[in-house]
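Participant: Mind folding the following:
(4 chains)
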2 protein chains.
Amino acid sequence: MSADGYRLEEQIGFLLRRAHQRATAIFAARFAGYGLTPTQFAALAKIADEGEVSQNRLGRLTAMDPATMKGVIGRLSERGLIAGRADQEDRRRTQWRLTEAGSALLARARSDGFGVTDETLEPLSPRERATLLRLLGKII
Amino acid sequence: MSADGYRLEEQIGFLLRRAHQRATAIFAARFAGYGLTPTQFAALAKIADEGEVSQNRLGRLTAMDPATMKGVIGRLSERGLIAGRADQEDRRRTQWRLTEAGSALLARARSDGFGVTDETLEPLSPRERATLLRLLGKII
DNA sequence: CAAAAATTGTTTGTACACGAACAATATTTC
DNA sequence: GAAATATTGTTCGTGTACAAACAATTTTTG
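Facilitator: Numbers count the residues shown, from 1 in each chain, chains lettered A, B, ... in the order given. Below is the predicted model of the structure:
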């Protein structure tokens, strides 16, 4: 153990990294059949909510850097799950929406999203689950 | 909003990703002068605790994949912060320890580690902080 | 209106993160 | 002791994550 009492296991960053790793692993297992990563699924779900959305705005809604967003958009677009069109009002923008294929895939995958949260929170009581979500919400 | 009530903002994975992003940003700001990433700092701290440790064991202690660990070890080693020696008893292993430079850097940086946790948890009361750490510990 | 500032999106470079396949070496099992 | 199994570490490929520098376009300000 460290001389001055620094314990890695008690640092919030380390705990968040490990918890996120576990959540990601559970997601990967449940979404293996869809070939979607957590960020790709988040992007699809948000595009569905918005109907049509620009790349930058989608990045803000899903908490992704513009550079990261570009990669995610590119992969979804290559797979034909989303399609973009040039915005007439602002020529810097591209507006993105779900394709038929994207909509169909999201419809099938969506219910599994709840399963991921349920399995990740399985060690906690209902009350503890609500507390954890609330406290995480406060430190974001 | 989604037709079937799926709200991205209430999914544990999304919350963990965002919370981790914030903790990482705070870490980056406070550790800018040291040129250390969270994982590199975690590795240094654990090597210090252990005295000497193999790559695989260090990976388990810091929750890193062997492939990830290899990259982290490589960068710390290139900077001369750690040094490895071949294990006589098990010829597959390399044992890693801090160099003088690594030890000195860690000594300077260590106290800032507490600052990262403090700033990240700043929106919470002391009681809430303890609860969050406890609940995160349960879902890892 | 013209200059300044902000926004949108791209590119490059560095650093995790992990699955999969692999070689070398140790350990276990029969 | 030989075969089966496990462990240690490497390499490759894909996918986040973000800083920094940049071009194009739009909005704000004086």
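Participant: How many residues are close by A:Glu10?
Facilitator: For A:Glu10, the number of neighbouring residues by other C-beta atoms under 10 Å in any protein chain shown comes to 13. Using the backbone N, CA and C atoms, a C-beta is placed for each residue, glycine as well.
Participant: Next up, the contacts around it.
Facilitator: Each residue near A:Glu10 by C-beta atoms under 8 Å, 6 or more residues apart in numbering or on different chains is listed here: B:Thr117, B:Leu133.
Participant: any idea of the pLDDT on it?
Facilitator: A:Glu10 is assigned a pLDDT of 94 by the prediction.
Participant: same deal with A:Met1?
Facilitator: A:Met1 carries a pLDDT value of 52.
Participant: do A:His20 as well
Facilitator: Predicted confidence (pLDDT) for A:His20: 98.
Participant: Skipping its backbone neighbours, what lies nearest it in space?
Facilitator: Spatially, and ignoring its direct neighbours in sequence, A:His20 is nearest to B:Leu16 (4.3 Å; C-beta to C-beta, 6 or more residues apart in numbering or on different chains).
Participant: What's the separation between that neighbour and DNA strand D?
Facilitator: 9 Å (C-beta to the nearest atom of the strand, to the nearest Å).
Participant: Can you name the residue of chain A nearest DNA strand C?
Facilitator: As assessed by C-beta to the nearest atom of the strand, DNA strand C sits closest to A:Asn56 within chain A, at 3.0 Å.
Participant: From the contact counts, what lies against the helix or strand containing the residue nearest to A:His20?
Facilitator: If you go by DSSP states H and E, B:Leu16 is part of helix B:12-30. Packing partners of helix B:12-30 (3 or more C-beta pairs under 8 Å, 6 or more residues apart in numbering or on different chains; DSSP states H and E): helix A:12-31, helix A:38-50, helix A:100-120, helix A:126-138, helix B:38-50, helix B:100-120.
Participant: will you turn these into CSV that also has mean neighbour count and distance to DNA strand C?
Facilitator: CSV is the format used below for those (neighbours: other C-beta atoms under 10 Å in any protein chain shown; distance: least, C-beta to the nearest atom of the strand, whole Å):
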stretch, mean neighbour count, distance to DNA strand C
helix A:12-31, 20, 4
helix A:38-50, 22, 11
helix A:100-120, 16, 13
helix A:126-138, 16, 17
helix B:38-50, 22, 4
helix B:100-120, 16, 14
